[in-house]
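Asker: what follows is a predicted structure for the sequence shown.
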Amino acid sequence: VLRSIDAPTVGPILRSLAARLGSLVTVGLGYLSLDRESATLSGGESQRVKMVRHLGSSLTDLTYVFDEPSVGLHPYDVGRLIGLMRQLCDKGNTVLIVEHKPDMIAIADHIVDIGPRAGSQGGEIVYEGDYPGLLEARTLTGDYLTRHQPIKTEVRRKTGEMWIRNARINNLRDVTLAIPQSVLTVVTGVAGSGKTSLVVHGLAQACPDVVVMDQSLARGSRRSNTATWTGILDPIRKAFAKANGVAAGLFSANSKGACPDCGGLGVIFTDLAHLDPIVTTCESCEGKRFLPEVLELDLRGKSIADVYDMSIETAGAFFTEPAVSRILGALGDVGLGYLTLGQPLSTLSGGERQRLKLAAELGKVGNTYILDEPTSGLHMHDVETLIGIFDRLVDEGSTVVVIDHNLNVIARADWVVDLGPGAGHDGGRVLFEGVPADLINSRSSVTARFLADRQSLKG
């Protein structure tokens with residue numbers, strides 16, 4: 001519309017506005033309306049809007065820090081994002097990117113790889129240099145960048161179908177689709193193509209008994225932590241009570257055994273009206289949450305404060321109580337062994353919250369699970385662990401439907417549904433549905449092209 005206006009007196013303004021809108025289209029946000037409230041944007045969409053705003057700035061010699069800007073983006077959109085990153089550099093700026101996606105790592109002039117693992121096993125610089133050097137560095141990142149993930153050729157057989165009929169939610173164009181049961185299905189497509197509308201809304205309405213596993217936690221407060229949310233704190237308290245011949249309530253951070261000054265939180269929150277509160281370690285208990293007399297009571301040489309500080313992996317080796325070890329084992333299986341039992345839920349990332357939910361579902365049979373972009377923010381090693389969990393759930397008799405762009409997840413699926421061809425009003429159509437091996441030959445699918453390129457490069 002702007003480019004069609006013939007008004008020389010305001011030509012510079014029109015050109016500037018058209019360029020700004022063009023940049024929004026370039027980063028894959030062409031489907032947004034101009035009156036879209038910023039509060040309704042996803043994290044990835046908000047970050048790309050900010051990026052476009054800075055692209056129009058004439059300032060140079062700035063340092064930009066992007067925290068996982070490719071979250072929620074299809075490989076096609078990632079390619080366009082890379083172009084904008086280069087534009088920022090070409091204007092004389094420094095760009096720092098925190099990322100896991102191979103395409104984003106490959107374009108870097110300088111790479112810093114941190115590891116070797118997560119949590120207490122991380123925090124070290126394991127490599128620093130260029131991309132070819134990373135491929136030979138034998139770090140976890142370098143190993144996965146050179147690893148070949150073949151497309152699955154032998155897929156599981158479905159036991160039935162779940163139908164979505166005449167879906168017209170948001171940009172969907174009267175879509176009728178069958179989702180196979182007892183297999184791993186991946187729904188993919190460019191950002192804004194209608195994946196969430198089709199699966200989370202369409203399938204959940206058609207089959208009310210499905211379990212939607214997003215990245216939020218239904219319950220949680222300042223007192224909520226890994227131990228309380230998973231329910232293992234109760235058997236831990238009982239084990240301490242039995243070992244010391246006292247009431248189990250003494251070992252609750254909400255009971256009479258808790259530090260009276262911080263209320264068992266271990267920290268003091270000082271509210272500053274309209275500013276963010278200041279958080280300081282409690283001076284009375286030194287962050288240990290409990291009264292001194294409670295800390296003197298132990299279970300096999302460990303106090304209740306020591307247990308709160310344990311990682312899930314360490315706690316798994318320490319606790320022999322079946323009710324505790326079973327849950328800790330499930331948390332380790334989903335790749336959360338580095339979290340501490342006392343870690344507040346408010347400090348967990350979206351991916352960590354989603355994996356907490358996954359751990360609670362392990363061992364259950366016959367459910368249908370929907371996961372919306374579970375690989376967001378995950379390293380390639382964590383993605384591999386996550387795929388193993390999907391396979392485990394399916395092998396135990398459940399149906400798993402994943403909305404994702406990760407090519408490794410697509411390659412390991414039993415059934416793939418690709419939406420597009422574009423975003424917003426240009427999307428909302430099913431371009432492909434079938435097994436991954438047939439997706440490569442689909443000429444109408446953007447995903448097919450990237451999957452084929454990936455296979456040829458890896459091969």
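Answerer: Noted; the coordinates are in hand.

Asker: residue 12 belongs to a strand?
Answerer: No: under DSSP: H, G, I helix; E, B strand; the rest coil, residue 12 sits outside any strand and is assigned helix.

Asker: how many neighbours does it have?
Answerer: A total of 9 residues lie near residue 12 under the criterion other Cβ atoms under 10 Å. The way it works is simple: take the backbone N, C-alpha and C, and place the C-beta from them, glycine included.

Asker: what's the span of stretch 159-176, first residue to last?
Answerer: Stretch 159-176 stretches 19 Å from its first residue to its last (Cα to Cα, to the nearest Å).

Asker: may I see the buried residues of that stretch?
Answerer: For stretch 159-176, burial by neighbour count (16 or more other Cβ atoms under 10 Å) applies to 162, 164, 167, 169-172, 175.

Asker: average pLDDT for that stretch?
Answerer: The pLDDT scores in stretch 159-176 average 91.

Asker: just how off-centre is that stretch within its chain?
Answerer: 26 Å (Cα atoms, centre = their mean, to the nearest Å).

Asker: OK, contacts around residue 323?
Answerer: Residues near residue 323 by Cβ atoms under 8 Å, 6 or more residues apart in numbering: 232, 235.

Asker: any idea how far it lies from residue 243?
Answerer: Using Cβ to Cβ, to the nearest Å, residue 323 is found at 15 Å from residue 243.

Asker: just the strands in this protein please.
Answerer: 63-67, 94-98, 111-115, 124-129, 161-167, 175-180, 184-189, 211-213, 267-272, 275-281, 368-372, 399-403, 415-420, 429-434 (DSSP state E).

Asker: which one among the buried residues of stretch 159-176 gets closest to residue 193?
Answerer: residue 171 (7.9 Å; Cβ to Cβ).

Asker: excluding chain neighbours, what is closest to that closest one?
Answerer: residue 428 (4.0 Å; Cβ to Cβ, 6 or more residues apart in numbering).

Asker: residues contacting that neighbour?
Answerer: 170-173, 175, 193-194, 197, 419.

Asker: where does pLDDT dip in the stretch 151-300 of the chain?
Answerer: Confidence mapping of the stretch 151-300 of the chain against pLDDT under 70 gives the ranges 217-221.

Asker: ok so, going back, adding distance to residue 360, write the contacts of residue 428 out as TSV.
Answerer: Shown next, in TSV, are the contacts of residue 428 (distance: Cβ to Cβ, whole Å):
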residue	distance to residue 360
170	30
171	33
172	31
173	36
175	32
193	30
194	29
197	27
419	30
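
Asker: circling back: and the strands of the chain, which is most packed in?
Answerer: strand 184-189 (a mean of 27; mean count of other Cβ atoms under 10 Å).

Asker: residues contacting residue 42?
Answerer: 71-72.

Asker: hmm, try it at 7 Å
Answerer: residue 72 (Cβ atoms under 7 Å, 6 or more residues apart in numbering).

Asker: also the one 3 residues further on?
Answerer: Under the criterion of Cβ under 7 Å, 6+ apart, the contact list for residue 45 reads residue 29.

Asker: against residue 82, how distant is it?
Answerer: 17 Å.

Asker: thinking again about what came up before, now for the buried residues of stretch 159-176, which pair is the farthest apart?
Answerer: Checking the buried residues of stretch 159-176 with Cβ to Cβ, the most distant pair is 162 and 171, at 21.6 Å.

Asker: burial check on residue 448, number of neighbours?
Answerer: Neighbours of residue 448 (other Cβ under 10 Å): 21.

Asker: and the nearest residue to it once chain neighbours are set aside, backbone torsions?
Answerer: Closest residue to residue 448 in three dimensions, ignoring its sequence neighbours and counting by Cβ to Cβ, 6+ apart: residue 442, at 4.3 Å. With angles defined as degrees, to the nearest 10, residue 442 sits at phi -80, psi 110.

Asker: now the one 3 residues further on
Answerer: Main-chain torsions, residue 445, degrees, to the nearest 10: phi -100, psi 130.

Asker: touching, it and residue 418? I think so.
Answerer: Yes: using Cβ atoms under 7 Å, residue 445 is in contact with residue 418, at 4.8 Å.

Asker: shared neighbours of those two, anything?
Answerer: By Cβ under 7 Å, 6+ apart, the residues touching both residue 445 and residue 418 are 431-432, 439.

Asker: please convert those to JSON lines, extending it with distance to residue 128.
Answerer: JSON lines is the format used below for the shared contacts of residue 445 and residue 418 (distance: Cβ to Cβ, whole Å):
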{"residue": "431", "distance to residue 128": "42"}
{"residue": "432", "distance to residue 128": "41"}
{"residue": "439", "distance to residue 128": "37"}
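
Asker: which of those scores worst on pLDDT?
Answerer: residue 439 (90).

Asker: am I right that it is in contact with residue 416?
Answerer: Yes: between residue 439 and residue 416 there is a contact at 5.3 Å, judged by Cβ under 7 Å.

Asker: common neighbours of the two, please.
Answerer: Shared contacts of residue 439 and residue 416, counting by Cβ under 7 Å, 6+ apart, come down to residue 432.

Asker: which stretch among the strands of the chain comes nearest residue 296?
Answerer: strand 275-281 (20.8 Å).

Asker: which elements pack onto the closest one?
Answerer: strand 267-272 (3 or more Cβ pairs under 7 Å, 6 or more residues apart in numbering; DSSP states H and E).

Asker: neighbouring strands - and their directions - for the strand it packs on?
Answerer: strand 275-281 (antiparallel) (DSSP bridges).

Asker: what's the burial count for the residue nearest to residue 75 when sequence neighbours are not counted?
Answerer: Leaving aside its chain neighbours, residue 75 sits nearest to residue 450 (4.3 Å; criterion: Cβ to Cβ, 6+ apart). Close neighbours of residue 450, defined as other Cβ under 10 Å, add up to 20.

Asker: dump the residue contacts of residue 450.
Answerer: 75-76, 407.

Asker: quick one: which of the residues you listed has the most company?
Answerer: residue 407 (25 neighbours).

Asker: what's the spacing between that one and residue 192?
Answerer: 19 Å.
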